[in-house]
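# After the sequence you'll find the predicted model.
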Amino acid sequence: MYFSPPKTAATTRNRGSAVPSQDDRSEYNPSGNAAEAAPATSNSALASRFNQMFPVLSPAEIDRVRRFGEVRRFPAGGLLFQAGEAVAGTYVILSGRVGIVPRDVLGKPVPVAAFAQLIGAPIEEMSEVVPGEVVGEISQLSGRPDLSAIDARAIDDVEAIFVPPEALRALLVAEAELGERILRALMLRRVALIEIGFGGPVIVGGLRSPDVTRLSGFLERNGVPFRVVDPDQDPDGSALLTRFAPAPVELPLVILSDRTVLENPTKHELGRAVGLVATSFREEPYDVAVVGAGPAGLATAVYGASEGLSIVVLEAVAFGGQAGASARIENYLGFPTGVSGQALMARAFTQAQKFGAEFSLSTQVKRVDCASERIEHDPVHILELADGRRIRARAVVIATGARYRRPEIPDLARFEGRGVSYWASPVEARLCHNEDVALVGGGNSAGQAAVFLAGHARHVRLLVRRPGLASTMSRYLIDRIAASPNITLLCDTEIVELLGTPDHGLGSVRWRNRRTGVEEQVALGHLFLFTGADPATSCLTGCGVPLDQHGFIRTGTDVGSTGRVPLPLETGIEGIFAVGDVRCGSVKRVGAAIGEGAAVVAQLHTFFARRGLTPAGMVASQAAV
């Protein structure tokens with residue numbers, strides 16, 4: 001998806017010298033209005049960053065771009081790209097004007113004035129791109145760009161530098177200052193798309209449908225723009241059903257920019273349709289396969305790829321892991337005003353792609369074959385994916401983290417997705433607006449979620465089995481909870497019963513004070529569970545990697561006698577490492593996970609050196625030079 005800025009003289013003059021903002025908290029940190037039919041007013045936050053979103057490159061900067069691309073020419077009336085098709089690369093306009101026509105999911109033109117209002121921009125000449133502008137979007141970094149929702153047509157003869165994805169990544173690395181301006185622009189454009197819910201899938205279904213919530217949460221956590229229309233409340237929804245589903249179908253429908261229709265898809269099916277799932281992998285072994293894209297896995301990808309390792313990252317759900325679902329992290333170094341987990345993790349995701357790491361999201365690793373095959377004395381591990389594909393890598397880093405534990409509550413499974421949630425994202429916050437909710441858990445994640453939900457719900461009841469929070473939660477969160485007028489802390493309390501119906505979901509919750517035995521039943525439709533976590537190590541079943549009594553992976557000296565001395569983050573199987581929450585003895589903090597992800601890269605280099613191997617990524621880099 002591509003935007004064009006307005007062309008007032010003042011705007012063009014200012015955009016040429018825009019200074020990047022030092023406050024990056026809003027990047028990839030959308031307000032979460034994508035599930036609404038359309039925002040009613042302009043977005044002042046986006047308008048304040050308009051100059052950074054649409055910079056005009058100087059002639060000297062354009063000359064620096066030239067060596068990374070090729071000049072392409074388009075006659076008047078010719079299409080650079082059109083709606084419903086993937087765009088193969090990024091364009092820098094040299095001469096001529098390009099007309100931009102946004103199109104809705106039905107293929108109808110969207111008035112330019114509507115876009116101007118949505119992103120807080122002046123209407124004048126909004127529909128044209130002029131020389132010096134960059135036409136592109138952040139998905140170009142992956143090499144699997146999104147489907148365009150815009151026609152870009154030459155108004156008169158146009159010359160433009162075409163920069164393919166691999167060359168764009170090279171430009172961002174080689175030209176630091178120029179690359180920063182371009183990358184910031186691409187990131188902010190993605191924020192704009194998410195904010196206004198344009199350019200991605202349209203979900204047709206009831207706003208409170210569990211399946212709509214499931215799909216909305218999946219797209220939001222993966223930073224994919226989308227919009228939800230309810231056919232019972234929105235005329236657009238009825239029109240879409242008439243057009244795309246004349247016969248009765250199971251809702252929700254998901255309609256893509258090329259008008260492909262998915263009927264109540266699984267997350268993996270939707271991920272594949274929107275390009276999150278890699279369609280192919282390299283035939284030769286990767287240097288490193290990283291299983292998990294939480295803080296530890298993303299740090300491994302960033303530091304490893306920046307040092308020349310060929311890396312593929314496989315994530316079963318969404319980048320960021322549990323940290324990506326944190327509403328606000330206030331004790332992470334360097335962010336005194338706090339940062340949302342999604343914002344922090346999205347930047348790491350973009351950063352890893354900038355250095356060339358490959359990603360396949362919504363991709364489950366079913367099994368790691370620790371009995372490595374040998375190719376000319378080169379050990380290679382096999383990763384078997386749930387979809388039947390296989391990936392080969394010389395080293396494997398397990399960064400799967402932990403999954404929230406399901407407490408023993410009667411009928412819990414019946415209400416999962418129908419009032420019971422294991423994370424609190426903006427999708428869930430919208431659903432419980434001005435309603436009563438309960439949240440179970442005493443750790444930092446529970447505290448962050450309670451504070452976040454208090455800004456949306458009428459009343460939040462925080463239930464903990466312990467006598468208090470001091471032993472499990474950071475002091476700043478305890479103080480904030482105590483200061484929140486609509487949060488009630490219930491200690492020594494456990495849930496004993498969930499009540500509701502299959503049609504309407506959760507209706508009320510009964511809990512008991514463990515000290516007094518007194519029970520209370522409260523009518524509420526939303527229960528959030530943050531009740532500890534179990535290590536996600538199912539892919540290692542039968543592999544022989546040593547685990548502790550709780551199922552966490554042993555590394556380094558904790559491995560025990562193996563006949564060799566493993567590296568500090570190496571498991572009992574040579575060439576297989578573990579970092580982050582999944583590792584026995586790790587500190588369950590975002591900062592600690594990132595530190596281990598960075599530290600393991602140095603140990604990977606040691607591993608390769610011991611084997612007398614030159615990483616394939618470094619060989620390719622040397623050949624390119």
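Noted; the coordinates are in hand.

# didn't Arg465 look like it was pressed against Arg514?
Yes. Under the criterion of C-beta atoms under 8 Å, Arg465 makes contact with Arg514 at 6.6 Å. (Each C-beta comes from the backbone N, C-alpha and C, glycine too.)

# any shared contact partners between these two?
492-494 (C-beta atoms under 8 Å, 6 or more residues apart in numbering).

# so Leu453, which of the three states?
Under DSSP: H, G, I helix; E, B strand; the rest coil, Leu453 falls in the helix class.

# So it is in contact with Val460, correct?
Yes. When contacts are counted by C-beta under 8 Å, Leu453 is listed as touching Val460 (5.2 Å).

# So between those two, which is more surrounded?
Shown here are Leu453 and Val460; by other C-beta atoms under 10 Å, Val460 has more neighbours (27 against 24).

# so after the helix or strand hosting the more buried one, what's the next helix or strand?
When secondary structure is defined using DSSP states H and E, the element that contains Val460 is strand 459-463. As assigned by DSSP H and E, the chain's next helix or strand after strand 459-463 is helix 475-483.

# could you give the angle of that next one to strand 459-463?
Interaxial angle, helix 475-483 versus strand 459-463 (axes from the mean of the first three to the mean of the last three C-alpha atoms, to 10 degrees): 130 degrees.

# What lies in contact with helix 475-483?
Surrounding helix 475-483, the residues in contact under the criterion C-beta under 8 Å, 6+ apart are 330-331, 444, 447-448, 450-451, 462, 469-470, 487, 489.

# ok, and the closest non-adjacent residue to the most centrally placed residue in the chain?
With distances taken as C-alpha atoms, centre = their mean, Asn222 lies nearest the centre of the chain, 3.0 Å away. The spatially closest residue to Asn222, leaving aside those adjacent along the chain, is Ala318, at 4.7 Å (C-beta to C-beta, 6 or more residues apart in numbering).

# what about the nearest residue to Glu85 once chain neighbours are set aside, neighbour count?
Taking C-beta to C-beta, 6+ apart as the measure, Glu85 lies nearest to Ser148, with 6.0 Å between them; neighbours along the chain are not counted. Each residue near Ser148 was counted by other C-beta under 10 Å, and the total is 23.

# Name all residues that make contact with Ser148.
Taking C-beta under 8 Å, 6+ apart, we find Ser148 in contact with 1-2, 81-87, 199, 257.

# quick one on the thing from earlier: just the ones of the shared contacts of Arg465 and Arg514 in helices?
Among those, no residue falls in helices (DSSP state H).

# Most neighbours among those, please name it.
The most crowded member of these is Thr493, carrying 22 neighbours; neighbours defined as other C-beta under 10 Å.

# hey, what's it bridged with?
In this structure, Thr493 bridges to Asn513 when assessed by DSSP bridges.

# Helices of the stretch 101-250 of the chain, residue ranges please.
For the stretch 101-250 of the chain, the helices defined by DSSP state H, counting those that start in this stretch cover 112-118, 165-174, 176-196, 210-221, 235-244.

# in the third one, what's buried?
By neighbour count, and taking 16 or more other C-beta atoms under 10 Å as the criterion, the buried residues in helix 176-196 are 178-179, 181-196.

# ok, now which ones touch the nearest residue to Gly441 once chain neighbours are set aside?
Taking C-beta to C-beta, 6+ apart as the measure, Gly441 lies nearest to Phe530, with 3.1 Å between them; neighbours along the chain are not counted. Contacts were defined as C-beta under 8 Å, 6+ apart; by that measure Phe530 touches 404, 422, 439-441, 443, 445-446, 449.

# where does the stretch 1-150 of the chain have low pLDDT?
1-48, 115-116, 118-127 (pLDDT under 70).

# change it to 50
For the stretch 1-150 of the chain, the stretches flagged by pLDDT under 50 are 1-42.

# where along it do the strands fall?
70-74, 79-81, 90-95, 98-102, 128-129, 134-135, 150-154 (DSSP state E, counting those that start in this stretch).

# tell me the contacts of the nearest residue to Arg406 once chain neighbours are set aside?
The spatial neighbour of Arg406 that comes closest, neighbours along the chain excluded (C-beta to C-beta, 6+ apart), is Leu412 at 6.3 Å. Contacts of Leu412 were listed using C-beta under 8 Å, 6+ apart, and they are 406, 420, 498.

# Kindly provide the distance from Leu412 to Leu527.
Counting by C-beta to C-beta, to the nearest Å, the gap from Leu412 to Leu527 is 9 Å.

# With Ile182 instead?
Using C-beta to C-beta, we find Ile182 at a distance of 45 Å from Leu527.

# again, but for His381
Where Leu527 is concerned, His381 sits at a distance of 41 Å (C-beta to C-beta).

# Then Leu215?
Note on Leu215: its distance to Leu527, by C-beta to C-beta, is 21 Å.

# again with Gly297
Following C-beta to C-beta, the distance that separates Gly297 from Leu527 is 30 Å.

# Could you check which of these two has the larger neighbour count?
Looking at Gly297 and Leu527 with other C-beta under 10 Å, you find the greater number of neighbours at Gly297, namely 32 against 23.

# from memory that one sits against Gly597, does it?
Yes. Gly297 is within contact range of Gly597, at 6.5 Å (criterion: C-beta under 8 Å).

# Give the residues shared as contacts by the two.
399, 579-580.

# would you turn these into a markdown table with secondary structure and pLDDT?
Shown next, in a markdown table, are these (DSSP: H, G, I helix; E, B strand; the rest coil; pLDDT from 0 to 100):
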| residue | secondary structure | pLDDT |
| --- | --- | --- |
| Ala399 | coil | 98 |
| Val579 | coil | 98 |
| Gly580 | helix | 96 |
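
# quick one on the thing from earlier: as JSON lines, the strands of the stretch 1-150 of the chain with distance to Ala343 and mean neighbour count would be great.
Output for these, formatted as JSON lines (distance: least, C-beta to C-beta, whole Å; neighbours: other C-beta atoms under 10 Å):
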{"stretch": "strand 70-74", "distance to Ala343": "35", "mean neighbour count": "14"}
{"stretch": "strand 79-81", "distance to Ala343": "29", "mean neighbour count": "18"}
{"stretch": "strand 90-95", "distance to Ala343": "24", "mean neighbour count": "22"}
{"stretch": "strand 98-102", "distance to Ala343": "26", "mean neighbour count": "20"}
{"stretch": "strand 128-129", "distance to Ala343": "28", "mean neighbour count": "21"}
{"stretch": "strand 134-135", "distance to Ala343": "23", "mean neighbour count": "24"}
{"stretch": "strand 150-154", "distance to Ala343": "26", "mean neighbour count": "22"}
